[in-house]
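# Take this sequence and fold it.
(one chain, ligands or ions: 1)
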Amino acid sequence: MHGARLGAQPCTVRFAGISLAPGESHRERGKTEQQHWGGCRGYVREKAARTTISGDYAAATRAAAADADAACCCAMGWAALLAVAVAVLAALPTALEMLLARSFPVHRSGGVFVTGASSGIGRHAAVELARSGYRVFGTVRKEADADALRALGVENLEPVICDVADTAAVAQAVAAVTAALAGEPLVAIVNNAGISNDLPLEIQPLASVRQVFDVNYFGVLDVTQQFLPLLRKTGPGARIVTIGSLAGTISAPGTVAYSGTKVPVCTLCTR
Ligand SMILES: NC(=O)c1ccc[n+]([C@@H]2O[C@H](COP(=O)([O-])OP(=O)(O)OC[C@H]3O[C@@H](n4cnc5c(N)ncnc54)[C@H](OP(=O)(O)O)[C@@H]3O)[C@@H](O)[C@H]2O)c1
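Sure, this is the predicted structure:
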């Protein structure tokens, strides 16, 4: 607020709803009032606008109101600038990711090899991919599961017996898929097969931990390595999809083996 001196006027006046004695500046009184109203400039400005005064006091009031307005606008300007800066910073990583992301052609047909198609996510993915027009080879370990998959009656979905922890079995699966495709491209593999054995480390048999690694991690590496020549023949757009887990980022009590396998699995693929 401007400090207009009222000493020239031998009277008591009201400024912004405050009684001022002759010689008293509204700056001094204003301070007290601002403290009283929690330092709210807007309130003082509003009070000044509502107060009827004349002559020099009117000019002083207008100046005080303009000053309060300017201060208000200045604060709002900084707040808006800060909000814009925060929004830009928050959006920057996503914008950069979108700008720099590599794009690949998407094959709408061709072969897809899905491991662990006897149940859960793998079975659902295999069925949906087949219904979308891909020729799907879903792995199972038991003949009964192969029959169950066939019994679904989904066209383009073929069971393949394969244990991903068995290198020779994976090689046989590659040969079977190559023969069945007969030159048609293999456009993707989905490394889905996985197991867990949730036990505290203290009572965890080491052989069981090794088995989880054999399926969840070494199985993924083996299947990927053995199918890569077929995927390379397909060229751009051929995909390797590997099912990770939140356990690859955060481990919970009892998941020492499972989390241990999902951490390196999560590092194999980009998002
Ligand atoms: N469900 C979830 O909430 C969740 C969350 C995050 C990540 N995941 C991951 O998603 C994937 C599928 O999980 P899910 O919940 O669908 O599990 P699921 O229903 O237990 O299915 C696991 C599949 O893997 C197969 N499998 C197990 N050992 C195998 C081996 N040695 N060789 C070949 N196949 C084998 C199983 O076949 P058999 O029937 O012959 O045993 C089954 O088809 C796993 O990698 C899992 O870690 C799941």
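
# and whichever residue of the stretch 151-271 of the chain sits closest to the ligand, how many neighbours?
Using C-beta to the nearest ligand atom, the single residue of the stretch 151-271 of the chain nearest to the ligand is residue 194, 2.4 Å away. (C-beta placed from N, C-alpha, C; glycine too.) For residue 194, the count of nearby residues is 25 (other C-beta atoms under 10 Å).

# okay but it is in contact with residue 213, surely?
No - in terms of C-beta atoms under 8 Å, residue 194 does not count as a neighbour of residue 213; the distance is 11.1 Å.

# Quick check: neighbours shared by the two?
residue 261 (C-beta atoms under 8 Å, 6 or more residues apart in numbering).

# Quick check: residues of the protein near the ligand?
115-116, 118-122, 139, 141, 145, 163-165, 192-195, 215, 243, 245 (C-beta under 6 Å from any ligand atom).

# Give me the local confidence score for the closest residue in space to residue 194 that isn't next to it in sequence.
In space, and not counting its chain neighbours, residue 194 is closest to residue 216: 4.9 Å by C-beta to C-beta, 6 or more residues apart in numbering. On pLDDT, residue 216 comes in at 98.

# ok, now the one 5 residues further on?
Among the per-residue scores, residue 221 holds a pLDDT of 98.

# Equivalent analysis for residue 249, please.
92.

# Can you give me the distance of it to residue 111?
From residue 249 over to residue 111 the distance is 32 Å, taken as C-beta to C-beta, to the nearest Å.

# likewise residue 151?
22 Å.

# next one: residue 206
38 Å.

# quick one, which of these two is more surrounded?
Using other C-beta under 10 Å as the criterion, residue 206 and residue 111 rank with residue 111 on top: 23 against 8.

# thought that one was touching residue 184?
Yes - the criterion here is C-beta under 8 Å, and residue 111 meets it with residue 184 at 6.1 Å.

# Could you tell me the per-residue confidence at the nearest residue to residue 150 once chain neighbours are set aside?
Distances taken as C-beta to C-beta, 6+ apart put residue 159 closest to residue 150, at 6.4 Å, once the chain neighbours are dropped. Residue 159 is assigned 98 on the pLDDT scale.

# which residues touch residue 159?
Counting by C-beta under 8 Å, 6+ apart, residue 159 touches 117, 137, 138, 139, 140, 145, 146, 149, 150.

# Just the buried subset of the residues you listed, please.
117, 137, 138, 139, 140, 145, 146, 149 (16 or more other C-beta atoms under 10 Å).

# all helices of the chain, in order?
26-36, 41-50, 55-100, 120-131, 143-151, 167-181, 206-213, 219-234, 256-268 (DSSP state H).

# Mind putting the contacts of residue 159 into CSV with pLDDT?
Below are the contacts of residue 159 laid out as CSV (pLDDT from 0 to 100):
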residue, pLDDT
117, 98
137, 98
138, 98
139, 98
140, 98
145, 98
146, 98
149, 97
150, 97
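
# Export those as CSV, with columns for distance to residue 173.
Output for the contacts of residue 159, formatted as CSV (distance: C-beta to C-beta, whole Å):
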residue, distance to residue 173
117, 12
137, 8
138, 11
139, 7
140, 11
145, 15
146, 13
149, 15
150, 17
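
# just those now: which is nearest residue 232?
Of all the contacts of residue 159, residue 232 sits closest to residue 137, with 17.9 Å by C-beta to C-beta.

# Just confirm the closest one contacts residue 122, I think it does.
No - taking contacts as C-beta under 8 Å, residue 137 lies outside contact range of residue 122: 11.6 Å.
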